[in-house]
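Visitor: Compute the structure for the input listed below.
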Amino acid sequence: MIFDAFFKTLGQSGDPRFRRVLFKGLGLTIGLLVAAYAGFVVLIQWLVGPDATLPLVGQVTWLDDLLSVGSLFVMLLLSVFLMVPVASAITSLFLEDVAQAVEDKHYPALPPAAKVPFWDGVKDTVNFLGLLIAANLLAIVLYLLFPPAMLFIFWGLNGFFLGREYFTLAAARRIGTAEAKKLRRRHAGTIWVAGTLMAMPLSVPLLNLIIPILGAATFTHLYHALSRQ
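Guide: Coordinates of the predicted model:
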């Protein structure tokens, strides 16, 4: 079921409308990644001071550092971790466009979906983002206790949260938030696996740039498949 949803998403890559959505989402993802990296640089300077240094970059000098080739390389490496909150932010900002493009092609008989108010979506995403960051900070203890399993813990933890958020938002367009949560609980295992399969390529630099949009489309298909069961 999960792979069927993913292959349907890939099969729509030739659709001009879907490509437009994909490219817009790619641009937004890059913008959010740069913003997240800028925030990381500010945090480092605040914690360490004006003489802060980063590997391959040297002393952090804010704008000069952000525009350097070495900084770009470091940003791609940090995207292994930064892309998780970026993917979370993408849901409220872009899932509606992705889901609508998917449904227009694959589920044309559906009535218009209810639009989630923009600020309600932003509020939910900010709350979820805080929970996601807190969980990852707590997970550092597990990383230190079980270093060989660190990557698997990272995938499993973030897969749980990303699957939860992506599925809930995809389903809420059609059945409302309360019913979406009920459906999510009934299929928690499947949704966790799908989220984990999304978290895994998010840890691959460059490839991870397109994963949030492909994930939004895949979870739209997954919702429709699970809602029929």
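Visitor: where in this structure is pLDDT low?
Guide: Scanning the chain for pLDDT under 70 picks out 41, 43-74, 76-78, 117-118, 121.
Visitor: Tell me which residue is most central in it.
Guide: The centroid of the chain falls nearest to residue 87 when counting by CA atoms, centre = their mean (1.9 Å).
Visitor: Wasn't that residue part of a helix?
Guide: Yes: according to DSSP: H, G, I helix; E, B strand; the rest coil, residue 87 belongs to a helix.
Visitor: Skip the chain neighbours and tell me the closest residue to it.
Guide: residue 212 (4.3 Å; CB to CB, 6 or more residues apart in numbering). C-beta here means a position set from N, CA and C on the backbone, and glycine is covered the same way.
Visitor: Contacts only, for that neighbour.
Guide: Contacts for residue 212 were tallied using CB atoms under 8 Å, 6 or more residues apart in numbering; they are 25, 29, 83, 86, 87, 90, 91, 94, 202.
Visitor: try 10 Å this time
Guide: Taking CB atoms under 10 Å, 6 or more residues apart in numbering as the criterion, residue 212 is in contact with 25-26, 28-29, 32, 83-84, 86-91, 93-95, 98, 162, 166, 198, 202.
Visitor: quick one: the helices in the chain?
Guide: Taking DSSP state H, the helices of the chain run over residues 2-11, 16-48, 63-67, 69-106, 118-145, 150-186, 188-202, 211-227.
Visitor: Please identify the most buried of the ones you listed.
Guide: For the helices of the chain, the largest average neighbour count (mean count of other CB atoms under 10 Å) is found in helix 211-227, namely a mean of 24.
Visitor: separation between the closest residue to residue 75 other than its chain neighbours and residue 189?
Guide: The shortest distance from residue 75 to any residue other than its chain neighbours is 4.5 Å, reached at residue 37 (CB to CB, 6+ apart). Counting by CB to CB, to the nearest Å, the separation of residue 37 from residue 189 is 34 Å.
Visitor: And residue 20, by the same measure?
Guide: 34 Å.
Visitor: Same question for residue 203.
Guide: Counting by CB to CB, the gap from residue 203 to residue 189 is 22 Å.
Visitor: next one: residue 100
Guide: Taken as CB to CB, the span from residue 100 to residue 189 is 28 Å.
Visitor: Repeat that for residue 149.
Guide: 20 Å.
Visitor: now do residue 89
Guide: Residue 89 is 26 Å from residue 189, by CB to CB.
Visitor: Also residue 211?
Guide: Distance from residue 211 to residue 189, by CB to CB: 21 Å.
Visitor: again with residue 164
Guide: The gap separating residue 164 from residue 189 is 12 Å, by CB to CB.
Visitor: got it, and residue 38?
Guide: 38 Å.
Visitor: Check residue 219 too.
Guide: 15 Å.
Visitor: And for residue 196?
Guide: 11 Å.
Visitor: Residue 80 now?
Guide: From residue 80 to residue 189 the distance is 26 Å (CB to CB).
Visitor: What of residue 26?
Guide: Taking CB to CB, one finds residue 26 at 31 Å from residue 189.
Visitor: And for residue 215?
Guide: Between residue 215 and residue 189 the computed distance is 18 Å (CB to CB).
Visitor: same thing with residue 214?
Guide: In terms of CB to CB, residue 214 sits 22 Å off from residue 189.
Visitor: same deal with residue 124?
Guide: 23 Å.
Visitor: The residue nearest to residue 75 against residue 82, yeah?
Guide: Yes: between residue 37 and residue 82 there is a contact at 6.3 Å, judged by CB atoms under 10 Å.
Visitor: Thanks a lot, catch you later.
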